[in-house]
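Asker: okay, structure incoming, though there's no sequence with it:
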Ligand code: UDP
């Protein structure tokens, strides 16, 4: 019998990309999983396979309002947040609220339940970094009032709030700084580069590179990311830890890789670079190696193949729907 089967974990953002993979992982480890989501950017399709499982309960709730959960909770993972630049532009205030008010509510719940809480932070706390690669000790270069500021500053506040609960209330806290992560269940139309390029290849459209494509990113496959998060939660390390894959590539070279992978003869076209788009990004994962014994295992070629197989499996309707999320009802604040 699994030793975790009496433990309960609450996962916010459970119907999202990372949240749904975390639900799978914790169920496989024998936990009772409470998956919470308000379904603004999440999709029940990501967790529909868990619907009949006794270990799993879905709670439809917006964590920016008071969070109440019956019974004991041992762990909380706060993964609810819009996560793509075009989402921040459409729902900027929700983005700020879930990182700040949502985090506050969950820290309060963790204190009440005497639970350990892990907070999903981001490489965006480094902004457009002037130090390369980015170590946890770098304080970052963020434009507070730019379009990305709503996400970046919410996450920076979230880290401060979490450390305050840790220091002041003695709460057991963990902070993961997630670098670009990809894999099955990313939202096709969320504007991020991997679903964008794969969707374009599948629809026979031009591949849109923003700017001259010299900006870099370092892409981590979702299974590696989940393993890093799991190890961090189970560790006794309370300062922030970068989890990402240091294998860095320019967006233009990446577009060429996608053209090769998809066997499409799509043209690469250039579009304006969005404001404050970071020019370079690569995690320094020395700390994760030291304290968690973690490093990524899945090479980009393999991870991209698995991801492409997922996108190929979408229905024609899903592939051609321009945006399957209607945010209009969520913008009343
Ligand atoms: N990007 C691009 N074409 C697209 C979508 C994104 O060239 O159709 C670029 C974007 O400008 C950025 C990089 O790809 O430099 C990664 O963008 P994404 O939105 O995936 O994540 P983030 O900027 O948050 O790392």
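Answerer: It's in. From a predicted model like this one, the values you see are computed outputs, not experimental measurements. Numbers count the residues shown, from 1 in each chain.
Asker: element containing residue 160?
Answerer: helix 149-169 (DSSP states H and E).
Asker: now tell me what touches that helix from outside.
Answerer: 78, 81-83, 85, 88, 92-93, 95-100, 103-104, 107, 110-111, 117, 119, 121-122, 124-125, 127, 140, 142-144, 171-173, 175, 238, 240 (CB atoms under 8 Å, 6 or more residues apart in numbering). Placement of C-beta: from N, CA and C, glycine included.
Asker: for stretch 282-301, same thing?
Answerer: Outside stretch 282-301, the residues touching it (CB under 8 Å, 6+ apart) are 123, 132-136, 177, 179, 216, 218-221, 223-224, 227-228, 231-232, 235, 237, 241-249, 257, 261.
Asker: can you tell me which of those residues are in helices?
Answerer: Among these, the members found in helices (DSSP state H) are 223, 224, 227, 228, 231, 232, 257, 261.
Asker: any idea how far the second one lies from residue 304?
Answerer: Relative to residue 304, residue 224 is positioned 13 Å away (CB to CB, to the nearest Å).
Asker: so between those two, which is more surrounded?
Answerer: Between residue 224 and residue 304, residue 304 has the larger neighbour count (other CB atoms under 10 Å), namely 24 against 20.
Asker: can you check the pLDDT for that one?
Answerer: At residue 304, the model reports a pLDDT of 98.
Asker: please, where are all the helices along the stretch 51-200 of the chain?
Answerer: Secondary structure of the stretch 51-200 of the chain by DSSP state H, counting those that start in this stretch: the helices cover 85-90, 92-113, 149-169, 193-203.
Asker: of all those helices, which one is nearest the ligand?
Answerer: With respect to the ligand, and counting by CB to the nearest ligand atom, the nearest of the helices of the stretch 51-200 of the chain is helix 193-203 at 3.5 Å.
Asker: what pairs with the helix or strand just after that closest one, parallel or antiparallel?
Answerer: Once the chain leaves helix 193-203, the next helix or strand it forms, by DSSP H and E, is strand 207-210. With DSSP bridges as the test, strand 207-210 is paired with strand 268-271 (parallel).
Asker: distance from the strand it pairs with to the middle of the chain?
Answerer: Here the centre of strand 268-271 is set off from its chain's centre by 26 Å, with CA atoms, centre = their mean, to the nearest Å.
Asker: and for that strand, what's in contact with it?
Answerer: Applying CB under 8 Å, 6+ apart, the set of residues contacting strand 268-271 is 206, 207, 208, 209, 210, 211, 212, 213, 252, 255, 256, 259.
Asker: pipe those into a markdown table and attach pLDDT per row.
Answerer: Shown next, in a markdown table, are the contacts of strand 268-271 (pLDDT from 0 to 100):
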| residue | pLDDT |
| --- | --- |
| 206 | 95 |
| 207 | 97 |
| 208 | 97 |
| 209 | 98 |
| 210 | 98 |
| 211 | 98 |
| 212 | 98 |
| 213 | 98 |
| 252 | 98 |
| 255 | 98 |
| 256 | 97 |
| 259 | 96 |
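Asker: can I get those residues in CSV with neighbour count and distance to residue 197?
Answerer: Shown next, in CSV, are the contacts of strand 268-271 (neighbours: other CB atoms under 10 Å; distance: CB to CB, whole Å):
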residue, neighbour count, distance to residue 197
206, 13, 10
207, 23, 6
208, 14, 8
209, 22, 9
210, 15, 11
211, 15, 15
212, 11, 16
213, 18, 11
252, 18, 11
255, 23, 6
256, 15, 10
259, 18, 9
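Asker: now do residue 135 against residue 20, distance only.
Answerer: Residue 135 sits 30 Å away from residue 20, going by CB to CB.
Asker: more neighbours: which of those two?
Answerer: residue 20 (28 against 14).
Asker: point me to the helix or strand that includes the more buried one.
Answerer: Per DSSP H and E: residue 20 is located in helix 17-28.
Asker: give the rounded mean pLDDT of that helix.
Answerer: The average pLDDT for helix 17-28 rounds to 98.
Asker: what angle sits between it and helix 193-203?
Answerer: 100 degrees (axes from the mean of the first three to the mean of the last three CA atoms, to 10 degrees).
Asker: what about stretch 244-263, start to end distance?
Answerer: The first residue of stretch 244-263 is 28 Å away from its last residue (CA to CA, to the nearest Å).
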